[in-house]
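Colleague: Provide a 3D model corresponding to the input given below.
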Amino acid sequence: MRAICADDEIDLLPVERVFADELFPVTQRNLVRLSEWLPWATPDYSLAQMRQFLEDRAVENATGDALTTLIRFRGTFCGTIALHRIDHANRNTSIGYWLDASHEGMGIATRACAAIVTEGFRARNLRRIEIRCATGNLRSNAVPQRLGFQEEGILRDAQFLRSGWVDLKVYGMTEPNWKPLR
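Modeller: Numbering: from 1, shown residues only. So this is what the prediction gives:
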């Protein structure tokens, strides 16, 4: 499986178990912050869990059922972004992402998201891609807004996080309306 070049600073590398030792410390230093928005980010998240996650996602990548990648900025892993389980019959999926705090504010998430959306529409023949963000996660909500996704509604009590149930804002993009960054 090939890497996706977002631009001259950012590559999206399909996950492999061998990346666990390099990615795990990034996850650990962001765990408290990530646990506010991501259900898997628990205090006991382990290297063994990360290895299993990467192995499971690599299998999905190989079968074409999903596309999970590591975001590499200037040669350093700084997060992940994925086309979650792909509904081939209806040609749609959703995107999930997280970024190391020290890499925020540089446009990395937006550029990585643009690259994976383009991959989904051009190489995976998708018709629709959506992004769901907790309504209180302003940074995450800013990504689909910057990329021209249409806000389609709010799913009430749609995800359980450590703080309790949160509403998710749904953003959608269809292939005919997509305008890549480059």
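
Colleague: tell me where the protein has strands.
Modeller: In the chain, the strands defined using DSSP state E lie at 4-5, 10-14, 67-73, 76-83, 92-99, 128-134, 150-161, 164-174.

Colleague: which of these is buried the deepest?
Modeller: With neighbours defined as mean count of other Cβ atoms under 10 Å, these peak in mean count at strand 67-73, which reaches a mean of 23. (C-beta placed from N, C-alpha, C; glycine too.)

Colleague: who does that one pair with, and is each partner parallel or antiparallel?
Modeller: strand 10-14 (antiparallel), strand 76-83 (antiparallel) (DSSP bridges).

Colleague: for the ones you listed, give me JSON lines that also has mean pLDDT and distance to Arg127.
Modeller: Output for the strands paired with strand 67-73, formatted as JSON lines (pLDDT from 0 to 100; distance: least, Cβ to Cβ, whole Å):
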{"stretch": "strand 10-14", "mean pLDDT": "97", "distance to Arg127": "21"}
{"stretch": "strand 76-83", "mean pLDDT": "97", "distance to Arg127": "13"}
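
Colleague: next, format the ones you listed as a markdown table and append distance to Met173.
Modeller: What follows is these, written out as a markdown table (distance: least, Cβ to Cβ, whole Å):
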| stretch | distance to Met173 |
| --- | --- |
| strand 10-14 | 18 |
| strand 76-83 | 12 |
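
Colleague: okay, the closest residue in space to Pro180 that isn't next to it in sequence: pLDDT?
Modeller: Excluding the flanking residues, the one nearest Pro180 by Cβ to Cβ, 6 or more residues apart in numbering is Thr118, at 4.8 Å. We have a pLDDT of 97 for Thr118.

Colleague: alright, that wraps it up for me.
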